[in-house]
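K.L.:
Attaching a predicted model along with its sequence, questions to come.
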Amino acid sequence: MGQSERGALPRLVLPNLLWSMSEPIPQSISDLIDATSDYALALGEKADLKQLEVEFPGRSLDVHFSTWDRPSDTDGWIETKKVIAIRFDHNPSYAAILLELHKATHACLSRSDKHFFEGLELLSEGEAGAAPAPAYCLCLGS
């Protein structure tokens, strides 16, 4: 689907959502919504669940992120860049995107120092390359 066939892409997706990619994987979108609410309450905050209902203006996106590993045979850290291709047959809600992203990244991010979700940021064409879908950077904090 070309840019003209979808709405304007948001520069940021869920930048204010309180969530950790190390949380257990929810089984459904409604479980994810409940879990984000519980997570925010545990931090003494109130979750803005309306943002999870927003519909993404396309059916696909590629999410770029990096993990840092320290092999036992070296003193340095090695960056591993990853891309998660998220595809739907309809325009998904932000909650549906977050659930698929959580499923795809949980194994590698649950043990990472940087596992706090800080949103998705639209990458420029230069950063994304010739991607067939809009490319976003997964912003993570520690």
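P.N.:
Noted; the coordinates are in hand.
K.L.:
Please identify the helix or strand for the residue located most distally from the centre of the chain.
P.N.:
Distance from the C-alpha centroid of the chain, by CA atoms, centre = their mean, peaks at residue 73 (31.4 Å). Taking DSSP states H and E as the criterion, residue 73 maps to no regular element, lying outside all helices and strands.
K.L.:
Now find how far off-centre the longest helix that the chain contains is within its chain.
P.N.:
With residue count as the measure and DSSP state H as the assignment, the chain has helix 94-109 as its longest helix. In terms of CA atoms, centre = their mean, to the nearest Å, the gap separating the centre of helix 94-109 from the centre of its chain is 6 Å.
K.L.:
what about the helices in this structure?
P.N.:
Read by DSSP H, the chain holds these helices, from start to end of the chain: 29-42, 50-53, 94-109, 125-128.
K.L.:
looking at those helices, which is closest to residue 84?
P.N.:
Using CB to CB as the measure, helix 94-109 is the one of the helices of the chain that comes nearest residue 84, at 4.6 Å. In short, each C-beta sits where N, CA and C put it, glycine included.
K.L.:
Nearest residue to residue 9 in space, ignoring adjacent ones along the chain?
P.N.:
With CB to CB, 6 or more residues apart in numbering as the measure, residue 134 is the residue that lies nearest to residue 9, at 5.2 Å, once sequence neighbours are left out.
K.L.:
Please disregard the earlier target; I meant residue 11.
P.N.:
Sequence neighbours aside, residue 122 is the residue nearest to residue 11 in space, at 4.9 Å (criterion: CB to CB, 6+ apart).
K.L.:
again with residue 78
P.N.:
residue 69 (5.3 Å).
K.L.:
what do you get for residue 34?
P.N.:
Nearest non-adjacent residue to residue 34, counting by CB to CB, 6+ apart: residue 26, 7.8 Å away.
K.L.:
That neighbour and residue 32 touch, don't they?
P.N.:
Yes: applying CB atoms under 8 Å, one finds residue 26 in contact with residue 32, separated by 4.0 Å.
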